[in-house]
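**Student:** structure here, sequence nowhere to be found:
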């Protein structure tokens, strides 16, 4: 066979290289998207700065920033793993991106690995930025970094499952609306800014079971209270992760 | 090599709810050729192609692509097969150049991305976001994404829909270059001229079945009667002419001096008419053989206009 320009020479790139390329590309798309940046960077930073500086909400004893910083870290995880991922994946499904990738050499497991990597990279950038802001506001974190790391990871798994479930089953526009609405509701009712103690007992009992509450209260137990490992919160997140990822795997539609 | 079948579809049935999109379809694609799947909207073209691409599971029948099952052997097939969807497939915020570059990175030995961008006339919009590209530019990017991994076989679903004539020619040239370099192409189209220009084989699909398959020449010859027209002096003895022609040929003087002969118009018939004219001192002017086009064939086979 001659050596023409298009002479077939098929082959998949090595899996590792495909995953790195896909994760880098998805991260680039995410960071380029203005609305996504608003959710993942601007809102958490504003919440942190605004409510630390202005005494609007009674955050209990101690400095406001010590209460707020763990909540805002939880908010950051939710904004990327849940809201951002749901919206982006919903539109990828709508525009046939997932379908087209299904015909590429990239296997689905590698695509999901790349998406997770992209979420984690974004979260690292968020956590770094928010930590710097919080420290500048006088934050003094306590506790075990390993416990914080584990909680963030479990929270990411829980929110990713729910985000992908939504993206894989609803229409893209419905996902956009619902993901933003859930973000807003959980921002208010998930112990991020408003301590759950402010809610009536029955409501509070329900709210405490939400993944955002488990993550923000769990992080607060460690970072503010110096707890070693809040197993209750970790358990709630683990249950959400198993349910969410399981349901997403079962019901996700690629087209 | 050329006669080896790279796509083999046998008795394919695909239903969506109560609608039967494909109903007992057979298709063969020979290696190194261009096969056009031709039919009106809703004929089952996309369903057939997407079943070959592994997107759909047949309800009945078998599909083999490069000897493999498109669903069960998807992982082995995907690197070897290039796919151009009818629409979409690109991140709306991605720029044309970076999307193609990313697609190339998923392959082991991709084409030179910059050369391909130049080749398809996308150089001016390499930094333009996909959603701001024109329909034609989006089509060409999708085509580039289908070939960038140097596949053995490409499926192009309506590759020239919405293209201006110049871009259409350029896409046709690329398909010819693919064939010259040994790539097998399957394309769907509802343009007759596209099938006639490009395809080695044409499969005409209607109502979810192949109603005819063959080279464009075979299809235009087979069954369809052709016409020979000429002008000469009025009042020629057509009875004498008909005696010289094969049975089943008809002749008529449409208007004084304008003659039409219908039947199997082949070189032999043309020679017979010419020598009859010579014997009778007729100077035949404006001899024209009207060949049937795929459009006529399609109309005869399906009773439908291709483009409604």
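**Tutor:** Received the coordinates, thanks. Source: prediction; values computed, not measured. Numbers count the residues shown, from 1 in each chain, chains lettered A, B, ... in the order given.
**Student:** residue ranges in chain A under the pLDDT threshold?
**Tutor:** Counting by pLDDT under 70, chain A shows low-confidence ranges at A:1-2.
**Student:** any idea how far the spatially most central residue of it is from residue A:120?
**Tutor:** Centroid check for chain A by CA atoms, centre = their mean gives residue A:81 as the closest residue, at 2.4 Å. To residue A:120, residue A:81 is 9 Å away according to CB to CB, to the nearest Å. From N, CA and C alone the C-beta is placed, and that goes for glycine too.
**Student:** still on that earlier bit, how about the contacts made by the closest residue to the residue nearest to the centre of chain A other than its chain neighbours?
**Tutor:** Excluding the flanking residues, the one nearest residue A:81 by CB to CB, 6 or more residues apart in numbering or on different chains is residue A:159, at 3.7 Å. If you count contacts by CB atoms under 8 Å, 6 or more residues apart in numbering or on different chains, residue A:159 has them with A:77, A:78, A:81, A:82, A:85, A:211, A:244.
**Student:** try 6 Å
**Tutor:** Residues near residue A:159 by CB atoms under 6 Å, 6 or more residues apart in numbering or on different chains: A:78, A:81, A:82.
**Student:** now residue 176. Nearest residue, chain neighbours left out?
**Tutor:** Picking chain A for this. That would be residue A:87: by CB to CB, 6+ apart, it lies 5.4 Å from residue A:176.
**Student:** chain B was what I was after
**Tutor:** In this structure, residue B:176 finds its nearest non-sequential neighbour in residue B:198, 7.2 Å apart by CB to CB, 6+ apart.
**Student:** do the same with residue B:188
**Tutor:** Excluding the flanking residues, the one nearest residue B:188 by CB to CB, 6+ apart is residue B:45, at 4.0 Å.
**Student:** burial of the one you found, as a residue count?
**Tutor:** A count of neighbours around residue B:45, defined by other CB atoms under 10 Å in any protein chain shown, yields 26.
**Student:** phi first, then psi, for it.
**Tutor:** Main-chain torsions, residue B:45, degrees, to the nearest 10: phi -60, psi -50.
**Student:** near chain A, which residues of the stretch 51-200 of chain B? Just list them.
**Tutor:** Listed as neighbours of chain A in the stretch 51-200 of chain B under the rule CB under 6 Å from any CB of the partner chain: B:53, B:78-80, B:83, B:85, B:88-89, B:91-93, B:102, B:105-109, B:150-152, B:178, B:181-183.
**Student:** next step: those residues restricted to helices.
**Tutor:** Members of those lying in helices (criterion: DSSP state H): B:102, B:105, B:178.
**Student:** list the contacts for the first one?
**Tutor:** If I follow you right, that is residue B:102. Residue B:102 touches residue A:25, counting by CB under 6 Å, 6+ apart.
**Student:** and it, how far from residue B:95?
**Tutor:** Taken as CB to CB, the span from residue B:102 to residue B:95 is 10 Å.
**Student:** and the second one, by the same measure?
**Tutor:** From residue B:105 across to residue B:95, the span is 15 Å (CB to CB).
**Student:** same deal with residue B:42?
**Tutor:** Noted for residue B:42: a distance of 35 Å to residue B:95, by CB to CB.
**Student:** can you get me a residue count around the residue nearest to residue B:7 when sequence neighbours are not counted?
**Tutor:** Residue nearest to residue B:7 in three dimensions, not counting chain neighbours: residue B:29, with 3.8 Å by CB to CB, 6+ apart. By other CB under 10 Å, the residues close to residue B:29 number 25.
**Student:** shouldn't residue B:29 be within a helix?
**Tutor:** No - the assignment for residue B:29 by DSSP: H, G, I helix; E, B strand; the rest coil gives strand, which leaves it out of any helix.
**Student:** how about the stretch 201-308 of chain B: which residue is closest to chain A?
**Tutor:** Nearest to chain A in the stretch 201-308 of chain B, going by CB to the nearest CB, is residue B:201, at a distance of 19.5 Å.
**Student:** quick one, what contacts that residue?
**Tutor:** So residue B:201 contacts residue B:35 (CB under 6 Å, 6+ apart).
**Student:** partners of it in the sheet?
**Tutor:** In this structure, residue B:201 bridges to residue B:35 when assessed by DSSP bridges.
**Student:** pLDDT score assigned to it?
**Tutor:** Residue B:201 is assigned a pLDDT of 96 by the prediction.
**Student:** state the distance from it to residue A:216.
**Tutor:** In terms of CB to CB, residue B:201 sits 64 Å off from residue A:216.
**Student:** quick revisit: of residue B:42 and residue B:95, give the one with the bigger neighbour count.
**Tutor:** Applying other CB under 10 Å to residue B:42 and residue B:95 shows that residue B:95 carries more neighbours, namely 20 against 14.
**Student:** Three-state assignment for the residue nearest to residue A:81, please.
**Tutor:** helix.
**Student:** would you map the helices across the chain?
**Tutor:** Using chain A here. Using DSSP H, helices in chain A cover A:15-32, A:34-37, A:43-53, A:64-77, A:85-94, A:97-102, A:108-136, A:145-169, A:172-189, A:201-207, A:211-223, A:231-251.
**Student:** oops, wrong one, chain B.
**Tutor:** Using DSSP H, helices in chain B cover B:45-52, B:74-77, B:96-105, B:113-119, B:135-147, B:165-180, B:192-198, B:216-221, B:238-244, B:267-279, B:294-302.
**Student:** most neighbours per residue, which of these?
**Tutor:** Mean neighbour count (mean count of other CB atoms under 10 Å in any protein chain shown) peaks for helix B:45-52 among the helices of chain B, with a mean of 25.
**Student:** tell me what that helix is packed against?
**Tutor:** Counting contacts by 3 or more CB pairs under 6 Å, 6 or more residues apart in numbering or on different chains; DSSP states H and E, helix B:45-52 packs against strand B:19-30, strand B:60-65, strand B:153-157.
**Student:** just to revisit the earlier point, least confident of the helices of chain B, on average?
**Tutor:** helix B:294-302 (a mean of 77).
**Student:** list of residues touching that helix?
**Tutor:** Contacts of helix B:294-302 (CB under 6 Å, 6+ apart): B:192, B:195, B:196, B:204, B:206, B:211, B:212, B:219, B:224, B:306.
**Student:** my guess is residue A:30 contacts residue A:40. True?
**Tutor:** No - judged on CB atoms under 6 Å, residue A:30 makes no contact with residue A:40 at a distance of 7.8 Å.
**Student:** looking at these two, which has the bigger crowd around it?
**Tutor:** Higher neighbour count among residue A:30 and residue A:40: residue A:40, with 26 against 21, using other CB under 10 Å.
**Student:** ok, that one - contacts?
**Tutor:** When contacts are counted by CB under 6 Å, 6+ apart, residue A:40 touches A:79, A:80, A:84.
**Student:** I figured the second one hits residue A:124, correct?
**Tutor:** No - using CB under 6 Å as the test, residue A:80 is too far from residue A:124 to be in contact (10.2 Å).
**Student:** higher neighbour count, these two?
**Tutor:** For residue A:80 versus residue A:124, neighbours defined as other CB under 10 Å are more numerous around residue A:80 (29 against 11).
**Student:** quick check: the more buried one vs chain B, distance?
**Tutor:** Distance of residue A:80 to chain B, given as CB to the nearest CB, to the nearest Å: 17 Å.
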